[in-house]
Every structure is written in structure tokens, then in C-alpha cells.
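Visitor: 3D, please:
(one chain, ligands or ions: 1)
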Amino acid sequence: MSDEIEKSDEEWRRELTPEQYRVLRQKGTERAFTGPLWNDHEPGRFLCAGCGAELFRAEEKFESGSGWPSFTRPADPRAVASERDSSHGMDRVEVHCRRCGGHLGHVFQDGPPPTGERYCINSASLKKAR
Ligand code: FE
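Guide: Predicted structure coming up:
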């Protein structure tokens, strides 16, 4: 895709906060209930903290009780991509920003209707836009 973003590790390290870098570029996970957005239920859009792509919307955000921002679907199915993640002894599906490749979180099949999906996303990977 022509709008994909490629930056060097040095550029990412310079542009992102240490926590954003750890999550987005090193597939880290923030501690539950510590991020600024898990308990945010105001209207608005959630953009990629790495590249600004619109990833999720408040309309699809729900309170999962997990301590991470949770959504039933992305703003656009093409905004995110996923791949199997067998790390840490678990079999999960990793989710990342299609434009910049930044790690967002994981998607689970225990979400509410209508999709049944739960996108479990790190606050550090997102920035809120009203
Ligand atoms: Fe991105």
C-alpha cells in the first residue's frame, strides 16, 4: 500500500515516548488499569500514536473490565492487520496498525454483539481525538 510508513528504529525512538516505543515497536504491554484511556468513555476517535491513522471509535468502545481500552471492531477493517502470536506460552492473535506496523494489542473472540470480538488495545498505542 502506498501510504505505509517506514521509519528507522532510531526515528521511532526519537519521536515516541519511552512507553509508546516499548509498546508500539517492541510489542510491549502496559500494566492493566494504568493507561490513560482504559476508562475513557467520552465521544471521539482513537488514532495510532505512531502515525495518526484512525484506528477505533468511541462508538465501538466498551467496558470489558480488563483494564485496557476494548473495542468491538476497528474504525475500518483495513486500518488494522493481525497475525498469530505464540509468545509467552499463549496462542493469541496480535493486532497492529496497518500503516506503520505499530503493535496495538490482541483480538479475542469473547466480545459482545454484534461482532463477538474484543480488541484489547494498549492506551500507549493510541491518542484520542475529539
Ligand atoms: Fe500507525
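
Visitor: how about the residues of the protein by the ion?
Guide: Near the ion, the residues belonging to the chain are C48, G50, C51, A53, C97, R99, C100, G102 when assessed by CB under 5 Å from the ion. Any C-beta I mention is one placed from the backbone N, CA and C, and that applies to glycine too.

Visitor: and those, which is closest to P69?
Guide: P69 lies nearest to C48 out of those, by CB to CB, at 12.9 Å.

Visitor: just the pLDDT for that closest one.
Guide: We have a pLDDT of 98 for C48.

Visitor: my read: it touches G101, true?
Guide: No - applying CB atoms under 8 Å as the test, C48 and G101 come out as separate, 10.0 Å apart.

Visitor: so who does the most centrally placed residue in the chain touch?
Guide: Compute the mean C-alpha point of the chain, and by CA atoms, centre = their mean the closest residue is L104, 2.9 Å away. Each residue near L104 by CB atoms under 8 Å, 6 or more residues apart in numbering is listed here: L24, C48, L55, V80, V95, H96, C97, Y119, I121, N122, S125, L126.

Visitor: please apply the same query to V95.
Guide: With the criterion set at CB under 8 Å, 6+ apart, V95 makes contact with V80, A81, S82, H103, L104, G105, H106, V107, Y119, I121.

Visitor: show the subsequent helix or strand relative to the helix or strand hosting the residue nearest to the centre of the chain.
Guide: According to DSSP states H and E, L104 maps onto strand 103-108. Beyond strand 103-108 in the direction of the C-terminus, DSSP H and E gives the next helix or strand as strand 118-121.

Visitor: on that earlier part again, select only the buried ones of the contacts of V95 in PyMOL?
Guide: Listed next is the PyMOL selection for buried residues among the contacts of V95, using 16 or more other CB atoms under 10 Å:
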select buried, resi 80+103+104+105+106+107+119+121
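
Visitor: could I get the contacts of V95 as TSV with pLDDT?
Guide: Written out in TSV, the entries for the contacts of V95 read as follows (pLDDT from 0 to 100):
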residue	pLDDT
V80	98
A81	98
S82	97
H103	98
L104	98
G105	98
H106	98
V107	98
Y119	98
I121	98
